[in-house]
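Participant: okay, structure incoming, though there's no sequence with it:
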């Protein structure tokens, strides 16, 4: 009998997963407790399935017979970061193309473009992103002629930092069949040379498609490579879960390939790129959580307007620096509400991307209207919420709205926002504190690759309203700062709540998956500049080490 | 210590799947042995994972302690059928729309259409399929005016039995903006009234798209329903695995939804609808076997020509009954070979759909050429192979070609084929015996919904060359009959081999998944008409009962 039992155990053990009980002990652990305060702990007991069996405090009895025990020798442990708004595949593809986001001037950029073209002679197109006429302090957009001076033998196509404009050289325009006098497409603009009919080389919003349609699409092997790159970038930055905003079927297939092949480590909460992608990806309702809570399509992103940089954010009143226009409304009132109703009928979550004050007002009103017909916890998401009329801010506190905001946008864009809006309307810009004070659910993210993936830089910006150089001194509109605890929660449990993932991950509590970081300093004790240089030593997902610093 | 062990066993057992060892005993089992002969057995011992532990013959010792033992009381067990060429979603959608495949005349059809429209007043479009001007013995195609006499308040769109033509009423043509004098699209034809420029209501091949683009696409909920219907139809016919030819991304997503939700029982070996769908569905190589060997995209279907009924099968010489044309070649020599090379580089399998003798000759030549550059077991598939120049038949025996043929097409189409080809060229029509004799790997399928799903009717046709009424007496070109054993193998292990699934299922041998049927008579002893009325009592997949006759 005893022999039989031993044999049975051996047989059964062979069928169980490779994981086993683990004790990560002697850590300097921090997490947020149920009152929003920092709780300190010392050990994590993880079960066979990668879930937390117990969070151990000093003096708690340790389990006797765990399979693996690791002594972290006092290192700092914290929950894995959840990036509540990013674009996973773009992060990966950006890492494979020319990155101009660190260029300070047009000359700087042209030198970098020339060098990249020389270093990559086999690429039929030079692709890249990250330029900004504002950062370069240009008087308007750069031109095709300037790009031609760097590379004239091959087409070049470079997206702006905000992703709402593209810059082509003459070969690219020729390849795309762009001609003088061509009319602007709906919701887009071909920038012209002076007052002429001649395209200057920059294409805004939907006009970008004129060039994009001739840019060779990434092949599946490149997509897989891009996904691997993106995953590495997130993991090395301490991000264990992301919200992928605007997921296409191609993106989704890359995630599934990674999942099917066992290469998917990062958790991805996906929101489809509009209702057609939602139908195609998920069918008549959200997908289940797939691959041990690593992938789910739970909702749809609806882009209601454009961006400030291109005067396409939809404002209540005309732009201060362009009084003829008040931006682009990308969905009519009835289109928005119809899609919201249709999504909600299928139990899909709706994430409305709203930048300008008119877009935010309409999003908030639409939520109030549609929420009347649907009971239950729908967690309407408003993404970006960059410029909000202070009169509308209280509406964030109603109907369980999630305000999904990106702290790094404030230091990057506040000067631009002031130029676009003037002194009056700027009061409701990046209004983290006031929006949080309404009781809205705050979730913080990066908007990468538009901004850096680094969540610790994001926390530093959230608590200081300064940039990496600590400017402006004292912070821009410092009354909108949030506390460290608020920022920490918005980058962890807030992101989980925003994606209906509470109870699965985000808090480091018993029963949740063991997604945590080992970092090189205690972020609760760190100065803003120390936060910005904090190093992630290890990233663990579901009780497995997914990244270790070299 | 002992208590701990018991506790451990309980814990580990809780984590193991619900299945346990099973013994299905006292069966009258038949399978094909390694020499192609019938082997009889009496019991099946199935392990925890749904795999065959042992096939038991009379006198073999039975295992002592299996969890479940079923006494089948002498019922007939056989391997599950593998349908090597079908269209899963179309089978399901066809079951939800108007089926005209049993209509004997135009009047018969019009009466059925009128009744269907009355019974479905809420449907904005009346959709259906299965008409045949040949079966109805018309002098040419039916017309929109005839359809209008049945239904004129709503658009109607009815596909032909072979799927290569559609028949619209006037409202449908109006909705699609079809106008007199409209020119024929490439690779398609708008049938006209007499010698006029006025569309008659029938649209051939690519011209079908003129109407299809305005037909509302099935919503995901309808796709899921259609897949469920299709699965039920296959399972109740004893089909445990299918080859889905021409899988689109929408089809694939429906299969994945079923898999993710645990609704996928049928095994699906999918071949993408061209290279773009292949890239999008699978990426840079075949997908893994998913959901316990229930789904895989392993290759791509390339349609090289059309069909005999519409004079679009590509022939070496002009049609006997239309000497001006010799059909439609849908891929140029270089297109076909380029796609074959590209697919093979990604280790995708290529399935060339070839109907006419020119198409088969080109497919065979292309295989011979491309195979020179690729070593290894590529299993080039030629689908249909309806009309082959006898001079080309020996080429099927080279390069490991799989001839994927559909026995029920012969009784349906041989009269049509004789009319199209005349007496000389008909010698190589549906030449199962001669193609098998070359050493080609035979795989049989249904081509459903174009033909019935029923594999036993297919076996009956394969061994008799007669239709359901036993006509023509003695069989049409009876020298092309195959033996029962050949047909049985082509519907089981042949289909598994064709999809690189050997060793996984198809043979009822140890180590393979336990996919089997319990049927109401012994097919090896049955007359052709008894085969056609054989009833499937139970269908088991992976050791689980997936269907039981009511």
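Facilitator: Yes, it's here. Just so we're clear, the structure is a prediction, and the values are computed from it rather than from any experiment.
Participant: hang on, isn't residue A:316 packed against residue A:357?
Facilitator: Yes: Residue A:316 lies in contact with residue A:357 (Cβ atoms under 8 Å); the separation is 5.1 Å. Just so you know, the C-beta spots here come from the backbone N, C-alpha and C atoms, and that holds for glycine as well.
Participant: find the residues that touch each one of those two.
Facilitator: Contact criterion Cβ atoms under 8 Å, 6 or more residues apart in numbering or on different chains; residues bridging residue A:316 and residue A:357 by contacting each: residue A:389.
Participant: more crowded one of the two?
Facilitator: Regarding residue A:316 and residue A:357, a neighbour count based on other Cβ atoms under 10 Å in any protein chain shown identifies residue A:357 as having more, with 27 against 18.
Participant: which residues of chain A score low on pLDDT?
Facilitator: Where chain A drops to pLDDT under 70, the residues are A:1-19.
Participant: quick check: beta-bridge partners of the residue nearest to the spatial centre of it?
Facilitator: Closest to where the C-alpha atoms of chain A average out (Cα atoms, centre = their mean) is residue A:86, at 1.8 Å. Taking DSSP bridges as the rule, residue A:86 bridges to residue A:244.
Participant: gap between it and residue B:218?
Facilitator: Distance, residue A:86 to residue B:218, by Cβ to Cβ, to the nearest Å: 33 Å.
Participant: and what of residue A:129?
Facilitator: For residue A:129, the distance to residue B:218 equals 38 Å [Cβ to Cβ].
Participant: how about residue A:175?
Facilitator: According to Cβ to Cβ, residue A:175 stands 38 Å off from residue B:218.
Participant: A strand includes residue A:547, no?
Facilitator: Yes: looking at residue A:547 with DSSP: H, G, I helix; E, B strand; the rest coil, it is inside a strand.
Participant: excluding residues flanking it in the chain, which one is nearest the residue in the stretch 251-400 of chain A positioned nearest to chain B?
Facilitator: In the stretch 251-400 of chain A, no residue comes nearer to chain B than residue A:283, which is 3.7 Å away by Cβ to the nearest Cβ. Excluding the flanking residues, the one nearest residue A:283 by Cβ to Cβ, 6 or more residues apart in numbering or on different chains is residue B:220, at 3.7 Å.
Participant: contacts only, for the one you found.
Facilitator: For residue B:220, the contact set (Cβ under 8 Å, 6+ apart) comprises A:279, A:282, A:283, A:284, B:253, B:254, B:257.
Participant: next, give phi and psi for the nearest residue to the first one once chain neighbours are set aside.
Facilitator: Read it as residue A:279. Excluding its sequence neighbours, the residue lying closest to residue A:279 (Cβ to Cβ, 6+ apart) is residue B:220, at 5.3 Å. When read as degrees, to the nearest 10, the backbone of residue B:220 gives phi -50, psi -40.
Participant: likewise for residue A:230?
Facilitator: When read as degrees, to the nearest 10, the backbone of residue A:230 gives phi -60, psi -50.
Participant: my guess is it meets residue A:223, correct?
Facilitator: No: in this structure residue A:230 lies outside contact range of residue A:223 using Cβ under 8 Å: 10.4 Å.
Participant: so what sits against both of those two?
Facilitator: Taking Cβ under 8 Å, 6+ apart as the contact rule, residue A:230 and residue A:223 both touch residue A:89.
Participant: and stretch A:24-35, what's buried?
Facilitator: Residues of stretch A:24-35 classed as buried by neighbour count (16 or more other Cβ atoms under 10 Å in any protein chain shown): A:24, A:25, A:26, A:27, A:28, A:29, A:30, A:31, A:32.
Participant: likewise stretch A:165-185?
Facilitator: Across stretch A:165-185, burial judged by 16+ other Cβ under 10 Å covers A:165-173, A:175-176, A:178, A:184.
Participant: repeat for stretch A:347-360
Facilitator: For stretch A:347-360, burial by neighbour count (16+ other Cβ under 10 Å) applies to A:348-360.
Participant: please list which of those are also close to chain B.
Facilitator: By Cβ under 8 Å from any Cβ of the partner chain, no member of these lies near chain B.
Participant: nearest to residue B:119 among the residues you listed?
Facilitator: residue A:348 (33.0 Å; Cβ to Cβ).
Participant: for the closest one, which non-adjacent residue is spatially closest?
Facilitator: residue A:299 (4.9 Å).
Participant: got the end-to-end distance for stretch A:528-546?
Facilitator: Using Cα to Cα, to the nearest Å, one end of stretch A:528-546 lies 27 Å from the other.
Participant: centre of the chain to it, how far?
Facilitator: Remark: stretch A:528-546 is offset 18 Å from the chain centroid, using Cα atoms, centre = their mean, to the nearest Å.
Participant: could you do stretch A:474-492 as well?
Facilitator: Worked out by Cα atoms, centre = their mean, stretch A:474-492 lies 18 Å from the chain centre.
Participant: and stretch A:432-443, by the same measure?
Facilitator: Here the centre of stretch A:432-443 is set off from its chain's centre by 18 Å, with Cα atoms, centre = their mean.
Participant: check which residues of it are buried.
Facilitator: Buried residues in stretch A:432-443, defined by neighbour count with 16+ other Cβ under 10 Å: A:432, A:433, A:434, A:435, A:436, A:440, A:441, A:442, A:443.
Participant: what about that stretch, start to end distance?
Facilitator: End-to-end distance for stretch A:432-443: 10 Å, by Cα to Cα.
Participant: what's that stretch in contact with?
Facilitator: When contacts are defined by Cβ under 8 Å, 6+ apart, stretch A:432-443 is touched by residues A:82, A:84-85, A:243, A:379, A:381, A:385, A:388, A:390, A:393-397, A:400-405, A:407, A:428, A:462, A:479-482, A:486, A:489-490, A:494-495, A:497-498.
Participant: what does stretch A:181-195 give?
Facilitator: So stretch A:181-195 is contacted by A:141, A:143, A:178, A:197-210, A:328, A:330 (Cβ under 8 Å, 6+ apart).
Participant: so what's the residue of the stretch 451-550 of chain A found nearest chain B up against?
Facilitator: Closest approach between the stretch 451-550 of chain A and chain B, counting by Cβ to the nearest Cβ: residue A:543, at 15.2 Å. Applying Cβ under 8 Å, 6+ apart to residue A:543 gives the contacts A:19, A:22, A:46, A:47, A:49, A:50, A:51, A:513, A:514.
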